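*Asks:* predicted structure and sequence below. I'll ask about it afterward.
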Amino acid sequence: MENASNSASDESLVQQFKDGSRDAFDQLYHRHLPVVFKRVRYVIPENDVEDVTQEIFIAAMKSLPSFRGDSQFGTWLRTLTNHKVAEFYRKRARKQEPLVAPLTEASGKVDDHTPKSVEERIFMQKALNKLPDNYREIILLRFVEDLQFNEIAELLGQNLEATKSLYRRAITALQGSLEE
Amino acid sequence: MTPSQDSKHSDQDNRLADFTDRVLSGQADQAESNADPELRQLEETVLRLNRTLPQSSLSDADVKQMWVRLNARARREAHKEEVPFWKKWFLPNQVRPQFGMALGFVALLVLMAVVIPSFTTGNGSTIGTALTSSQGLATVLVLAGVILLIFWFMRRK
């Protein structure tokens, strides 16, 4: 997806956006959309995935001028994504809507249309959402962002052993959540 | 935790991480740890997670359409958030404080100009002005007080 014209670093694009370049945000969007979309898709009902993804990028657009660059843009965007996902579930809880879309709604948009697979996906999302944040996060970092364990360790500021241990405990918790 | 449990978990940590790497790179599609039922269950959970959750990525066309829809929504939201002209004028701290205060003062004068003649008769002879009639004076003072209060609370927001 990337070519020579959009090989500028995130930090450089953020600065360009702050200086008024709309094109810089376009490049950031195209660079980060696949991961943001996939992350949202793992934890949000299918019908709301695009809506929440849009909210994330609109919030990014609004907040970027005050982004100080204390962390990497990707880390900042990941935090924003988690915040918007949490906000989605808070709003749903306030409206007392079910936490997942009805099966008939969800089945229209997923790749695999068999009711069993849709049901299984919804079940898995519920199990993931029940996990403590650090457990869910390490699973998403490995499965969604495709980061290797040493990269995750670096990102979390832990050693590799601690990261693998956290991962095993996260999978154990997921297994428990699926069995509930 | 005993040292043997510690060692067992450390071994499971490494084996589960390696297994996950193989699953995600397409080199494993079934549980491998027959000798360790606990680890086998964890491997099956990893397989189930990988099998269940969406794998397909966005096509270029999807990305373009989403970009168009995002821009349309951003424009709509920006339009919704535009500050109405009256707010720009009347919220002293927001845009132009001096102009807002001056406008408030003018509004007060206009109000007084409207209120004071209402205490005169139709033929022009004054039977009581706002400054001489106690009722008129009270009305003007109350109105002035209300306007000042409104400005005070708007200024503090």
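*Replies:* Perfect, I can see it now. Residues are numbered from 1 along each chain as shown, chains lettered A, B, ... in the order given.
*Asks:* what about the spatially most central residue of chain A, helix or strand, and which?
*Replies:* Centroid-nearest residue in chain A, with CA atoms, centre = their mean: A:Arg39, separated by 3.0 Å. Per DSSP states H and E, A:Arg39 falls inside helix A:22-43.
*Asks:* I'd say B:Ala28 and B:Arg22 touch.
*Replies:* Yes: the pair B:Ala28 / B:Arg22 is scored as a contact, 3.9 Å apart, by CB atoms under 8 Å. (Glycine included, C-beta is placed from N, CA and C.)
*Asks:* between these two, which is the more surrounded one?
*Replies:* Just comparing B:Ala28 and B:Arg22: by other CB atoms under 10 Å in any protein chain shown the higher neighbour count belongs to B:Ala28, 18 against 14.
*Asks:* circling back: which SSE is immediately downstream of the helix holding A:Arg39?
*Replies:* Next in line after helix A:22-43, if elements are assigned by DSSP H and E, sits helix A:49-63.
*Asks:* quick one: buried residues of that next one?
*Replies:* A:49-50, A:52-61 (16 or more other CB atoms under 10 Å in any protein chain shown).
*Asks:* just stretch B:41-54 next, same as before
*Replies:* B:41-43, B:45-50, B:52-54.
*Asks:* domain assignment for the chain?
*Replies:* Defaulting to chain A. A:8-112, A:131-180 (automatic domain parsing).
*Asks:* oops, I was thinking of chain B
*Replies:* Using automatic domain parsing, the domain parsing of chain B gives B:9-52, B:85-156.
*Asks:* by mean pLDDT, show me the worst of those.
*Replies:* When the domains of chain B are compared by mean pLDDT, domain B:85-156 comes last with a mean of 66.
*Asks:* how about the residues of chain B by chain A?
*Replies:* B:9-10, B:12-14, B:16-17, B:20-21, B:24, B:41-42, B:45-46, B:48-50, B:52-58, B:60, B:63, B:66-67, B:69-70, B:73-74, B:77 (CB under 8 Å from any CB of the partner chain).
*Asks:* let's go with 6 Å and repeat that
*Replies:* Proximity of chain B to chain A (CB under 6 Å from any CB of the partner chain) is limited to residues B:12-13, B:16-17, B:42, B:45, B:52-54, B:56-58, B:63, B:70, B:73-74.
*Asks:* what about A:Arg41, distance to chain B?
*Replies:* The gap separating A:Arg41 from chain B is 5 Å, by CB to the nearest CB, to the nearest Å.
*Asks:* cool, A:Asp10 as well?
*Replies:* 18 Å.
*Asks:* do I have it right that that residue meets A:Ser71?
*Replies:* No: counting by CB atoms under 6 Å, A:Ser71 is not a contact partner of A:Asp10; they are 10.9 Å apart.
*Asks:* the more surrounded of the two?
*Replies:* A:Asp10 (18 against 12).
*Asks:* how about that one, nearest residue that isn't a chain neighbour?
*Replies:* Take A:Asp10 and drop its neighbours on the chain: the residue closest to it by CB to CB, 6 or more residues apart in numbering or on different chains is A:Phe73, 3.8 Å away.
*Asks:* same check on A:Leu156?
*Replies:* Excluding its sequence neighbours, the residue lying closest to A:Leu156 (CB to CB, 6+ apart) is A:Thr163, at 6.3 Å.
*Asks:* so which of the domains of chain A is nearest B:Val140?
*Replies:* Of all the domains of chain A, domain A:8-112 sits nearest to B:Val140, with 45.4 Å by CB to CB.
*Asks:* what about the helices in chain B?
*Replies:* B:3-24, B:37-52, B:60-81, B:85-90, B:97-115, B:134-156 (DSSP state H).
*Asks:* which of those is buried the deepest?
*Replies:* Comparing those by mean neighbour count (mean count of other CB atoms under 10 Å in any protein chain shown), helix B:37-52 ranks first with a mean of 18.
*Asks:* on the pLDDT front, check A:Gln175 for me.
*Replies:* Looking at A:Gln175, the pLDDT reads 95.
*Asks:* before we move on, which element is it in?
*Replies:* Here A:Gln175 is assigned to helix A:160-179, by DSSP H and E.
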